[in-house]
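J.: with the input below, show me the fold.
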Amino acid sequence: MTALFSTVEPLHPAPSRYQGGLTEAGAGVHAWLQPNGLLGESNAALLIGAGSSLLIDTLWDPTLTRRMLAAIAPLVAEAPIETLVNTHSDGDHWWGNQEVVGAEIIATEAASAVMQTQTPGEIKRFRALARGLGLAGSSAIPYPRRKETAVVAAYVGEALRPFGFDDVRLTPPTRTFSGRLELDIGGRVVELIEVGPAHTPGDLIVWIPDARVAIAADILFIGVTPIMWAGPIEGWIAALELLLDLGAERFVPGHGPICGADEVGRLIDYWRWLERAAGGRLADGSAPAEVARALVLGDEIVAAGFADWLGPERALVNVRTIDAHRRAAAKLPGPREIVDAFFRMALLAHDFDARRASVHGGER
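T.: Predicted coordinates:
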């Protein structure tokens, strides 16, 4: 793999865990990698054919998307982007579509249906709420739960800080499908395979057989805890197993660095561990939030080898989704549920960091 454009640093404060920018993933296939794979630090990919190219996903806002397109421009000078595939409905994979002028935009029917319900206004209101909480949390008045308010404000504020939503003009798919769809991109065969619901209701992966590369999008998180908004967990595991069955040599995740089959298998391990560890506690009547906190703050996540993945607090959403499917009550979270999830994740992340600092301090 050759890095072609390597000045891309993490959007959130942290050292880079891997090299960012435009990276060759296979013959005529390039990945745009955004370290370190946390919220909004999403990847995209480019396939170059004879006289035309395929872009797989845009980014969360126009500015980030334009930066990516500027890096790609020399590669597509003689093979313009005529087709854009959005792998699912999360905004960090399609809210930059407006920058790819004139391209046919393809997504699954299920993803398109979710996209039609979205608006940047919701997330802008969420950011405004975080700013208000920040002011309240910094108050000198010692009101109840002031510290928790400050923790939540800092977590949500940083999660959204790098992104500019004011100029987003939502540009939805112009073509949808269900199941599988084969494309010809400048003489190269590309297969779009619907694998949702899993991460979201309408996930798809992109298989490029002549390069032995699979663009897994948010079916695959590497070095970052996945987040399961839709489920079921069995569907996500099945999608990962399908990825392995393709015979790919390289996988481009939606978040994290390019990887091989071993890393795909490790994500399967995570889901099986979480399903087993959470399932028994849920069956005994424990609340999903209590189960998630026990798993993340206990020794089990360390023993299982997942404590070093970024964002372990996302287990809160994952356990909630597991429980909802267990009770046959699963549905996509609405704005209120998402706000509640972020508040709870903020507090869990704070407690996880404090526990880790305490343990490491004791060892020293």
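
J.: Val195 and Ala154, how far apart?
T.: According to C-beta to C-beta, to the nearest Å, Val195 stands 35 Å off from Ala154. For the C-beta atoms, the positions are set from N, CA and C on the backbone; glycine is no exception.

J.: more crowded one of these two?
T.: Legend: neighbour count by other C-beta atoms under 10 Å for Val195 and Ala154, higher for Val195 (23 against 16).

J.: for the more buried one, give me its contacts.
T.: Shown in contact with Val195 (C-beta atoms under 8 Å, 6 or more residues apart in numbering): 203-205, 219, 235, 238-239, 242.

J.: any low-confidence regions in the chain?
T.: 1-6, 134-146, 360-364 (pLDDT under 70).

J.: the domain parsing of it - what is it?
T.: Domains of the chain are assigned by automatic domain parsing as 3-117+170-259, 121-160, 270-363.

J.: of the ones you listed, which stretch is the most buried?
T.: Each of the domains of the chain was assessed for mean neighbour count using mean count of other C-beta atoms under 10 Å. The highest is domain 3-117+170-259, with a mean of 21.

J.: where do the helices of the stretch 1-150 of the chain begin and end?
T.: Secondary structure of the stretch 1-150 of the chain (DSSP state H, counting those that start in this stretch): helices at 62-72, 109-115, 120-137, 146-160.

J.: neighbouring contacts of the shortest one?
T.: To tie it back to what came earlier, the one meant is helix 109-115. Outside helix 109-115, the residues that touch it by C-beta under 8 Å, 6+ apart are 86-89, 94, 107, 170, 172-173, 176-178, 194, 196-197, 200-204, 332.

J.: helix or strand for the most centrally placed residue in the chain, which one?
T.: Centroid-nearest residue in the chain: Asp218, 5.0 Å away (criterion: C-alpha atoms, centre = their mean). Using DSSP states H and E, Asp218 sits in strand 213-221.

J.: need the contact partners of the helix or strand that that strand is followed by.
T.: Sequence order places helix 233-245 as the next helix or strand after strand 213-221, per DSSP H and E. Applying C-beta under 8 Å, 6+ apart, the contact partners of helix 233-245 are 193, 195-199, 203, 205, 214, 216, 219-220, 226, 228, 251, 261, 264-265, 267-268, 271-272, 274-275, 321-322, 325.

J.: one more time with 7 Å
T.: Applying C-beta atoms under 7 Å, 6 or more residues apart in numbering, the external contacts of helix 233-245 come out as 195, 197-199, 203, 205, 214, 216, 219, 228, 251, 261, 264, 267-268, 271, 275, 322.

J.: what's downstream of that helix, the next helix or strand?
T.: Going down the chain from helix 233-245, the next helix or strand is strand 250-255, by DSSP H and E.

J.: may I have that next one as PDB, with CA atoms only?
T.: Taking C-alpha atoms only, strand 250-255 is exported to PDB below (Å, rounded to 0.1, in the frame of the first residue of the first chain):
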ATOM      1  CA  ARG A 250      -7.600  -6.000   1.400                       C
ATOM      2  CA  PHE A 251     -10.600  -4.500   3.200                       C
ATOM      3  CA  VAL A 252     -11.300  -0.700   3.400                       C
ATOM      4  CA  PRO A 253     -13.300  -0.100   6.600                       C
ATOM      5  CA  GLY A 254     -15.600   2.900   7.200                       C
ATOM      6  CA  HIS A 255     -13.500   3.800  10.200                       C
END
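
J.: which neighbouring elements make contact with it?
T.: strand 21-26, strand 213-221 (3 or more C-beta pairs under 7 Å, 6 or more residues apart in numbering; DSSP states H and E).

J.: what's downstream of it, the next helix or strand?
T.: Next along the chain from strand 250-255, counting by DSSP H and E, comes helix 261-283.

J.: give me the angle between that following helix and helix 233-245.
T.: For helix 261-283 against helix 233-245, the angle by axes from the mean of the first three to the mean of the last three C-alpha atoms, to 10 degrees is 170 degrees.

J.: just use 31 as the starting number from now, easier for me
T.: That works, and once the first residue is 31, the last one we named lands at helix 291-313.

J.: quick one: helix 291-313 to strand 280-285, angle?
T.: 40 degrees.

J.: helices and strands around helix 291-313, which ones?
T.: strand 243-251, helix 263-275, helix 318-327, helix 345-356.

J.: rerun at 8 Å
T.: Contacts defined by 3 or more C-beta pairs under 8 Å, 6 or more residues apart in numbering; DSSP states H and E place helix 291-313 against strand 243-251, helix 263-275, strand 280-285, helix 318-327, helix 330-334, helix 345-356.

J.: from what I see, Pro192 and Glu39 are in contact.
T.: No - checked against C-beta atoms under 8 Å, the pair Pro192 and Glu39 is beyond contact range at 10.7 Å.

J.: on that earlier part again, any chance of the contacts of Val225 in TSV, plus distance to Leu163?
T.: Output for these, formatted as TSV (distance: C-beta to C-beta, whole Å):
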residue	distance to Leu163
Asp233	32
Leu234	36
Ile235	38
Ile249	33
Gly265	35
Ala268	39
Ala269	36
Leu272	42
